[in-house]
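Undergrad: Fold the following and give me the result.
(2 chains)
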Amino acid sequence: MESKIFPGTVESIDLIRQYIKEISAHAGLDKKATYNLMLAADEIATNIMLYGYEKAGLTGDLKVLHTITEEELVVIFEDQALPFDPLARELPDEEDLSKPLEERSIGGLGIFLTVSGIDDFSYEYVNNQNRNIFKMKLQKPD
Amino acid sequence: MNVTIKKVNDITVIEAEGNIDSRTAGEFEKKAVEATTDEDKIIIDLSKVEFLSSAGLRALLILYRQVKARNGKIVLVGVSEEIQDVMENTGFINFFILADQIDDGVKAIG
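TA: Numbering: from 1, shown residues only, chains lettered A, B, ... in the order given. Model (predicted):
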């Protein structure tokens, strides 16, 4: 797997998003899938940098690994910030999302966008590291 | 990320340029709220916005609530296909009027 390491600060978020765009182009993802992956990467990286590192007073980095197979693009974020499972929290459901904006609760949208835009998103905590795994299916050429 | 405020007739136009993400959404929200404190006709021009994260959606939500509370209207102009998809998935799209160009927005809100 190829990898690239970014400092665990909010300043890295833009750079990670750009890097994901490059990887997506390399894998041949279409415009919409590329946007969804950039969005998911942004949301998860924001949580890691802001809450996992900065607000927790911790320092570290975020390693972005990726591999491209015939069927899929797999991107993995590894960090040493506070353990945080994005999937542990209840996501807004259809009822929440059809409420008028006046009555909406303000949280949970970032993870919702992550889960709904990625073909297979998962999380694990292994060897004192958070691992956020994003899998995007690749369309086979006809 | 840049925010420019201008007036077209009695409509306040907020033009955003760049990415609206967790680092910039606060500034966008502050400038937009300040510019629209007493206004009820608002156009937000997003044609130069390539990327909008959940932080950007939250900023739109807060702005919408303030404007709605005084029976005002918000038109979003030039929203990219990808951002429209995100707004649709999250049920945001129905609460805003969408227009392709500023002129269409002015007609829609006039």
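Undergrad: The nearest residue to B:Lys6 once chain neighbours are set aside: what secondary structure?
TA: Nearest-residue entry for B:Lys6: B:Val13, 5.0 Å, with adjacent residues in sequence omitted and distances by C-beta to C-beta, 6 or more residues apart in numbering or on different chains. Bear in mind the C-beta positions are built from the backbone N, C-alpha and C, glycine included. Of the three states, B:Val13 takes strand according to DSSP: H, G, I helix; E, B strand; the rest coil.
Undergrad: Who is B:Val13 paired with across the strands?
TA: B:Lys6, B:Ile43 (DSSP bridges).
Undergrad: residues contacting it?
TA: Taking C-beta atoms under 8 Å, 6 or more residues apart in numbering or on different chains, we find B:Val13 in contact with B:5-7, B:42-45, B:102.
Undergrad: so how far is B:Ile42 from it?
TA: 8 Å (C-beta to C-beta, to the nearest Å).
Undergrad: need the next SSE after the worst-scoring helix or strand of chain A on mean pLDDT, C-terminal direction.
TA: Here the helix or strand of chain A ranked lowest by mean pLDDT, DSSP states H and E is helix A:94-97, holding a mean of 89. Downstream of helix A:94-97, the next assigned helix or strand under DSSP states H and E is helix A:109-117.
Undergrad: Mind giving me the packing neighbours of that following helix?
TA: helix A:31-47, helix B:54-69, helix B:81-89 (3 or more C-beta pairs under 8 Å, 6 or more residues apart in numbering or on different chains; DSSP states H and E).
Undergrad: Burial-wise, tell me which of these comes out on top.
TA: By mean neighbour count, with neighbours taken as mean count of other C-beta atoms under 10 Å in any protein chain shown, helix A:31-47 ranks first of the helices and strands packed on helix A:109-117 at a mean of 23.
Undergrad: what's downstream of it, the next helix or strand?
TA: strand A:61-68.
Undergrad: pLDDT weak spots in chain A?
TA: Residue ranges of chain A with pLDDT under 70: A:141-142.
Undergrad: OK, contacts around the residue positioned nearest the centre of chain A?
TA: Centroid-nearest residue in chain A: A:Ala41, 3.2 Å away (criterion: C-alpha atoms, centre = their mean). A:Ala41 sits next to A:16-17, A:20, A:75, A:77, A:134 when contact means C-beta under 8 Å, 6+ apart.
Undergrad: I'd like to know how far it sits from A:Lys55.
TA: 20 Å.
Undergrad: next one: B:Glu17
TA: 29 Å.
Undergrad: In terms of packing, which of those two has more residues around it?
TA: Neighbour comparison, B:Glu17 and A:Lys55: the larger count goes to B:Glu17, with 15 against 11 (by other C-beta atoms under 10 Å in any protein chain shown).
Undergrad: Would you tell me which residues of chain B are close to chain A?
TA: Within chain B, the positions adjacent to chain A are B:19, B:21-23, B:51, B:53-55, B:57-58, B:61, B:64-65, B:68, B:81-82, B:85-86, B:89-92, B:95 by C-beta under 8 Å from any C-beta of the partner chain.
Undergrad: chain center to the least confident helix or strand of chain A: distance?
TA: With C-alpha atoms, centre = their mean, to the nearest Å as the basis, helix A:94-97 stands 22 Å off its chain's centre.
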